[in-house]
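*Asks:* can't give you the sequence, but here's the structure:
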């Protein structure tokens with residue numbers, strides 16, 4: 001990684017322009033200020049075709065940061081990190097929240113898999129190093145469980161016959177040399193598309209990372225891949241990737257590797273027009289985080305459950321319903337709908353209805369009635385899941401006018417293991433009806 005300056009900011013922050021000077025002391029977005037050149041560049045990106053999550057606020061003459069966490073880089077090489085913000089979390093807590101979310105996230109195409117016994121310290125390292133470290137943890141699992149091998153079709157001109165004769169090539173190459181055969185045969189080898197992609201990512205990241213632990217793992221992996229070729233054509237190798245259940249532990253690191261290789265030009269030359277960015281949508285990441293808490297604890301968990309429609313138009317059904325999560329009990333007589341919301345529920349703000357959206361409640365009530373009727377259920381409960389923060393630490397119970405339960409649950413994004421009350425509540429809702 002380059003030794004460029006990094007500026008830290010948070011979602012929902014406002015970046016203002018410092019009109020007094022251009023010195024480095026004012027070049028600090030944490031204090032809601034940035035120098036003139038950086039401000040003008042950020043303002044330009046507000047109107048860019050690509051959605052950087054930046055909006056220029058004409059009324060306040062500042063730049064609002066919304067929707068994303070991640071990293072982008074300005075033309076002079078300065079990095080801008082956007083960290084998640086729950087109330088007044090510190091930079092260390094922001095990095096830990098980012099690590100927890102990204103470690104459970106599907107947003108860079110990876111399968112959920114808990115990383116255990118990790119020895120990295122996400123609160124102390126930058127966003128790119130966090131991503132590299134998680135990738136390295138998956139490489140360690142590959143080394144433990146075994147490198148994937150598969151049959152590859154191989155064509156060679158051999159002194160012995162094996163496989164299938166390729167007649168056209170055989171005549172062309174062996175018209176004079178009669179002692180050879182141009183054949184095609186299957187070879188069981190580790191020199192396959194999946195390993196080529198991983199090896200190329202390892203070679204690239206070895207030059208990029210400054211983390212000694214990550215470097216050590218990358219070097220070990222390159223020794224393991226000594227007989228594997230580098231990935232020359234990423235698009236071609238992507239299409240040849242085949243991951244079955246036996247090698248499901250390959251899925252996440254493969255997608256990480258593709259992600260890194262596609263961003264090899266992340267560090268631009270000075271004056272590059274397009275701003276390189278690694279941005280992750282927080283709402284989607286929060287959903288993935290909740291799934292990682294529920295995963296394996298509830299076998300009847302459904303993600304993005306959408307088999308039913310809201311309206312019938314003669315024989316046609318329209319307006320598809322989509323529920324973030326649905327959990328059914330063992331005999332599928334009851335269900336819990338869980339809706340994830342990346343915003344702050346305020347248990348003290350009764351005047352503003354605790355910051356719950358009225359439209360969300362209408363939507364979820366409709367979902368509960370559709371699910372109950374279509375699945376012939378005895379009971380449907382709704383859980384609204386919000387991040388835990390200073391003014392929301394305990395479960396809150398509400399009810400619709402027909403007594404359908406609404407449980408508002410705080411989800412701890414800083415300490416993942418501190419979500420037992422959320423799990424216990426789901427179990428209790430089902431157990432009470434036994």
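*Replies:* Noted; the coordinates are in hand. Fair warning: this is a prediction, and the values are worked out from it, not measured in the lab.

*Asks:* tell me which residues in the host helix or strand of residue 371 are buried?
*Replies:* Using DSSP states H and E, residue 371 maps to helix 358-374. By 16 or more other C-beta atoms under 10 Å, the buried positions in helix 358-374 come out as 361, 363, 364, 365, 367, 368, 370, 371, 372. In this view, the C-beta of every residue, glycine as well, is placed from N, C-alpha and C.

*Asks:* Can you name the residues in contact with it?
*Replies:* Residues outside helix 358-374 that contact it (C-beta atoms under 8 Å, 6 or more residues apart in numbering): 307-308, 310, 321, 323, 326, 335, 337, 339, 341, 377, 379-380, 382, 384, 400, 404, 406.

*Asks:* do the same with stretch 197-215
*Replies:* The contact list for stretch 197-215 (C-beta under 8 Å, 6+ apart) reads 1, 119-120, 125, 128-129, 132-133, 135-136, 139, 142, 218-219, 221-222, 225, 228-231, 234, 237-238, 241, 253-254, 256-258, 260-261, 264.

*Asks:* Hmm, residue 54 and residue 39 touching each other?
*Replies:* No. Under the criterion of C-beta atoms under 8 Å, residue 39 makes no contact with residue 54, lying 11.2 Å away.

*Asks:* between these two, which one's more packed in?
*Replies:* Between residue 39 and residue 54, counted using other C-beta atoms under 10 Å, residue 54 has the larger neighbour count: 23 against 20.

*Asks:* List the residues that contact the more buried one.
*Replies:* Neighbouring residues of residue 54 by C-beta under 8 Å, 6+ apart: 42, 45, 46, 63, 64, 65, 66.

*Asks:* where along the stretch 51-200 of the chain do the strands fall?
*Replies:* 54-57, 62-65, 68-73, 79-83, 150-158, 164-165, 181-189 (DSSP state E, counting those that start in this stretch).

*Asks:* List the buried residues in stretch 293-309.
*Replies:* By 16+ other C-beta under 10 Å, the buried positions in stretch 293-309 come out as 293, 294, 298, 301, 302, 303, 305, 308.

*Asks:* Got phi/psi on the fourth one?
*Replies:* With angles defined as degrees, to the nearest 10, residue 301 shows backbone torsions of phi -80, psi 130.

*Asks:* So residue 338: helix, strand or coil?
*Replies:* Classification of residue 338 by DSSP: H, G, I helix; E, B strand; the rest coil places it in strand.

*Asks:* quick revisit: select only the buried ones of the contacts of helix 358-374 in ChimeraX?
*Replies:* Those of those that count as buried under 16+ other C-beta under 10 Å are selected in ChimeraX with:
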select :308,321,323,326,335,337,339,341,377,379,380,382,384,404,406
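
*Asks:* Just to be sure, which of the contacts of helix 358-374 are found in strands?
*Replies:* Judged by DSSP state E, the contacts of helix 358-374 include 310, 323, 326, 335, 337, 339, 379, 380, 382, 384, 406 as members of strands.

*Asks:* So which of the buried residues of stretch 293-309 is the closest to residue 152?
*Replies:* Using C-beta to C-beta, residue 303 is the member of the buried residues of stretch 293-309 that sits closest to residue 152, with 34.9 Å.
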